[in-house]
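Participant: after the sequence you'll find the predicted model.
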There are 4 protein chains.
Amino acid sequence: MLMQAKNSTAKQKERRTKSASFTETGRRAQIVAAAIDVIAEVGYHRASFAKIAEHAGLSSTGMISYHFDGRDDLMREVVTEVLRLGDGYLRPRIEAHTRYADRLRASIEGNLDLLAEYPNHLAAMVDILANLRGGDPGMVAFLEATEANLTVQVEQLRKAQRTGEFGDFDPWVMMRAIRAAIDDVVRRATHDPDLDVRAVGRELADLFDRATRKTP
Amino acid sequence: MLMQAKNSTAKQKERRTKSASFTETGRRAQIVAAAIDVIAEVGYHRASFAKIAEHAGLSSTGMISYHFDGRDDLMREVVTEVLRLGDGYLRPRIEAHTRYADRLRASIEGNLDLLAEYPNHLAAMVDILANLRGGDPGMVAFLEATEANLTVQVEQLRKAQRTGEFGDFDPWVMMRAIRAAIDDVVRRATHDPDLDVRAVGRELADLFDRATRKTP
Amino acid sequence: MLMQAKNSTAKQKERRTKSASFTETGRRAQIVAAAIDVIAEVGYHRASFAKIAEHAGLSSTGMISYHFDGRDDLMREVVTEVLRLGDGYLRPRIEAHTRYADRLRASIEGNLDLLAEYPNHLAAMVDILANLRGGDPGMVAFLEATEANLTVQVEQLRKAQRTGEFGDFDPWVMMRAIRAAIDDVVRRATHDPDLDVRAVGRELADLFDRATRKTP
Amino acid sequence: MLMQAKNSTAKQKERRTKSASFTETGRRAQIVAAAIDVIAEVGYHRASFAKIAEHAGLSSTGMISYHFDGRDDLMREVVTEVLRLGDGYLRPRIEAHTRYADRLRASIEGNLDLLAEYPNHLAAMVDILANLRGGDPGMVAFLEATEANLTVQVEQLRKAQRTGEFGDFDPWVMMRAIRAAIDDVVRRATHDPDLDVRAVGRELADLFDRATRKTP
DNA sequence: CATGAATGAGTATTCATTCAT
DNA sequence: CATGAATGAATACTCATTCAT
């Protein structure tokens, strides 16, 4: 998912109507957590306020509408929360390495380790982002922010190519292939609890190591 | 999407309530075509009968219910139609080659050539299959059929490994990575008409060529 | 149901748009027969043209609309058909007796014998008549005709009272109680195939024999 | 309808999704009341949520869905309400007598007195129960509960036979005949406001008194 | 903050009927 | 006669949102 997280979500915060604090208030966080579980279980579109409220132990959906400025706002918060979680998890693991090949491996394996520990979080985010359409402008801006995040990682690949550590390939295509492969595992893990995601992570890391290496 | 199409769609045919002919009758085909366009545009869940009927020039959603045994039946037909299209398009291009590396390249590039020619078709199918949950048993069976299709392609990879043409890797992980990369392009192409999918196809073919090659 | 059938259905015939013959044409009779079965199985309101057409081996509901002037017309025909059947079955059995008590017993037991032989016919008629509301004027007239039929039987009771064979009671209340008891068995027989309707018939005949007898 | 009401409705309560209070909340009770009127007027199957909502002064059918867990739940509540009403009305009147013949008379006349006071209530219940088919399991269980209620009354007849107060007859057939006669009056009263139901009640009580008496 | 009732648009589906072929 | 497509109204139900309490 992420090679290196950035503070690219800052812009979204401004759209929030209530609660500008960095750490979520109790109720908001509780609702976000419930939303993550419900989305992971039934999918983005079937995750109604009614189901989320029930999962959160709330007796009315009105509470969600009170705390969030609509469904999009809640979904944005879910993604933000997962990005925050992922950033904290991945950044130190990636920055522990200097060579780009090692950083790439740390990124891929780290994502799948994260999946093993928080399966619902990643599943929810992937499902939300996959189902976004250019309806609400706030969500479009959000999608662009996610895209910007990817740009940073592409730049890492480009640097590795310039240093000669990586071979010749289109870094954008490579980056999206990596991301797509990881997200695919996220999706499958939701329905198949027996999937050994860490093993798949190592295998994918090997795969993309060969694909990025300079060919002699 | 497909390395080698199979007759795995035969079982679905029997579940159709009306129209046993192989080639669709006029109205059914028209509705399926409209559904493909609408799904590609607004996504699986937002593709209501109302929108599809309007796109097809029908005066009422009842017409769709008349021709199809519910939403699932229509969606099944959409996927079946796309699989039929893809099979006819890809099979000769793949079978024109004997070496596995060439077949793999033909498969990847062929899928993206197909995408270039029928962007909505692949987008619709990918969106449908991505949003399936274990609700209707008929759709689950369908998903299993798609899975079986993948198994065939995995077997191809395994054969190539046995002949020594391909290196050592987990063929399932490799196959899903390939599929995920292709599907990701399908998704992006829907929203970004400027994307040069054929070029991405060549780039992905190169990428997975390196990833599958026997390392010296 | 019937103590003595009359030609009180003549008026209805005139409302029929097509086919004035006494014995139904093939197609009409076939549809009526199918309607009887379907109504007996799923009930008056759930007996849609689609189900009736399917049961009749017809490929389209349009055929029913062609042969009948709407749903009410079909239902009227169903009742007429059952009344015709019942009349032929009961009249000789009743007229074989001269004493009113014997005629009453023959009527009650005859109705339930008829039920044993044609369970669907009586079930369909009872369900139709029970669900009639004063919407269509043609059906109201029909209901009045059925009421007139009952009047004839009430008159029989009155005669028996005048001759001193029967005791003192309100003949209308008695007649409706008899009819209600019989119809109740008809309804139960539909769902409970193990019900011994002939035995119930004898029991009911005894019951109403006691209820009508002159008390000493 | 009822010779002796029982607490057989307790099981149904648990199936209610909302409102666990014994006395209905305002809106629920209002909707139930509207449903009773509409069902009495147009019949069970034609009593759509739209008509009920309009009768209740609600702006949308969604309000009904909000308060009741589907059509079956509403119908169950209607029957429960009528049973509650009937129980309170009949029980003291029946228990005021000790001899079985008097209890039977009180039951029959009480039912028709109740009908005179609440014509719509009984009409609605009779129509609902008559149109039930084995669709929803919750309704089937309900029907069985009603059946159990009848069993209690049959047992009363049996006791009266053992004491020698009543003659020899099949108590089940007798009980169903009584019920059928009462329900028939309920049905007729809906369409014929001039019917003197109390007078019919006395007449029916006489009728079944003769039918149950020990013949000398 | 929290509740729960209310709203109104939106969902797929079924239905009897009509009509061109 | 018969077909099968088409229509348009009607069905119960879900949803996110609002608002008075």
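Facilitator: All right, it came through fine.

Participant: now do the buried residues in stretch A:117-127.
Facilitator: Buried positions in stretch A:117-127, judged by neighbour count with 16 or more other Cβ atoms under 10 Å in any protein chain shown: A:Tyr118, A:Pro119, A:Asn120, A:His121, A:Leu122, A:Ala123, A:Ala124, A:Met125, A:Val126, A:Asp127. No exception for glycine: its C-beta is placed from N, CA and C like everyone else's.

Participant: one more: stretch A:39-57?
Facilitator: Of the residues in stretch A:39-57, those scored as buried under the neighbour-count criterion (16+ other Cβ under 10 Å) are A:Ile39, A:Ala40, A:Glu41, A:Gly43, A:Tyr44, A:Ala47, A:Phe49, A:Lys51, A:Ile52, A:Ala53, A:His55, A:Ala56.

Participant: tell me the mean pLDDT over stretch A:109-122?
Facilitator: Averaged across stretch A:109-122, pLDDT comes to 96.

Participant: who touches that stretch?
Facilitator: Contacts of stretch A:109-122 with the rest of the structure, by Cβ atoms under 8 Å, 6 or more residues apart in numbering or on different chains, involve A:1-2, A:36-37, A:39-41, A:81-82, A:85-86, A:89-90, A:93-94, A:182, A:185-186, A:189-190, A:197-198, A:200-202, A:204-205.

Participant: what subset of the residues you listed is buried?
Facilitator: With neighbours counted using 16+ other Cβ under 10 Å, these contain these buried positions: A:1-2, A:36-37, A:39-41, A:81-82, A:85-86, A:89-90, A:93-94, A:182, A:185-186, A:189-190, A:197, A:200-202, A:204-205.

Participant: up against DNA strand F, what does chain A have?
Facilitator: Chain A has residues A:46-50, A:60-62, A:64-66, A:70-71 near DNA strand F, with proximity defined as Cβ under 7 Å from any atom of the strand.

Participant: show me which of these is closest to C:Gln153.
Facilitator: Within the residues of chain A next to DNA strand F, the smallest distance to C:Gln153 is 58.0 Å, found for A:Ala50 (Cβ to Cβ).

Participant: wasn't that closest one part of a helix?
Facilitator: Yes: when DSSP: H, G, I helix; E, B strand; the rest coil is applied, A:Ala50 is found to be in a helix.

Participant: hang on, isn't it packed against A:Ser60?
Facilitator: No: using Cβ atoms under 8 Å, A:Ala50 is not in contact with A:Ser60, being 9.4 Å away.

Participant: identify the contacts common to the two.
Facilitator: Here A:Ala50 and A:Ser60 share no contacting residue, scored by Cβ under 8 Å, 6+ apart.

Participant: which helix or strand in chain A has the lowest average pLDDT?
Facilitator: For chain A, scoring each helix and strand by mean pLDDT, DSSP states H and E identifies helix A:10-13 as the least confident one, at a mean of 32.

Participant: hmm, who's touching the next helix or strand after that one?
Facilitator: As assigned by DSSP states H and E, the chain's next helix or strand after helix A:10-13 is helix A:26-42. Residues outside helix A:26-42 that contact it (Cβ under 8 Å, 6+ apart): A:19, A:23-24, A:47, A:51-53, A:55-56, A:58, A:63-64, A:67-68, A:74-75, A:77-78, A:81-82, A:119-121, A:123-124, A:127-128, A:190, B:133.

Participant: using CSV, write out the CA atom coordinates for helix A:26-42.
Facilitator: In CSV, the C-alpha atoms belonging to helix A:26-42 read as follows (Å, rounded to 0.1, in the frame of the first residue of the first chain):
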residue,chain,number,x,y,z
GLY,A,26,-14.1,9.5,21.9
ARG,A,27,-17.3,9.3,19.9
ARG,A,28,-15.8,10.0,16.6
ALA,A,29,-13.1,7.5,17.1
GLN,A,30,-15.6,5.0,18.2
ILE,A,31,-17.7,5.5,15.1
VAL,A,32,-14.7,5.3,12.9
ALA,A,33,-13.6,2.1,14.5
ALA,A,34,-17.1,0.6,14.0
ALA,A,35,-17.2,1.8,10.4
ILE,A,36,-13.9,0.1,9.7
ASP,A,37,-15.2,-3.2,11.0
VAL,A,38,-18.5,-3.0,9.2
ILE,A,39,-16.9,-1.9,5.9
ALA,A,40,-14.5,-4.8,6.1
GLU,A,41,-17.3,-7.2,6.7
VAL,A,42,-20.0,-6.1,4.3
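
Participant: off-centre distance for it?
Facilitator: Relative to the chain's own centre, helix A:26-42 is displaced by 15 Å; criterion: Cα atoms, centre = their mean, to the nearest Å.

Participant: does DNA strand E have contacts with that helix?
Facilitator: Yes: if you take Cβ under 7 Å from any atom of the strand as the test, helix A:26-42 does meet DNA strand E, through A:Gly26, A:Arg27.

Participant: mean confidence for that helix?
Facilitator: Per-residue pLDDT over helix A:26-42 has a mean of 91.
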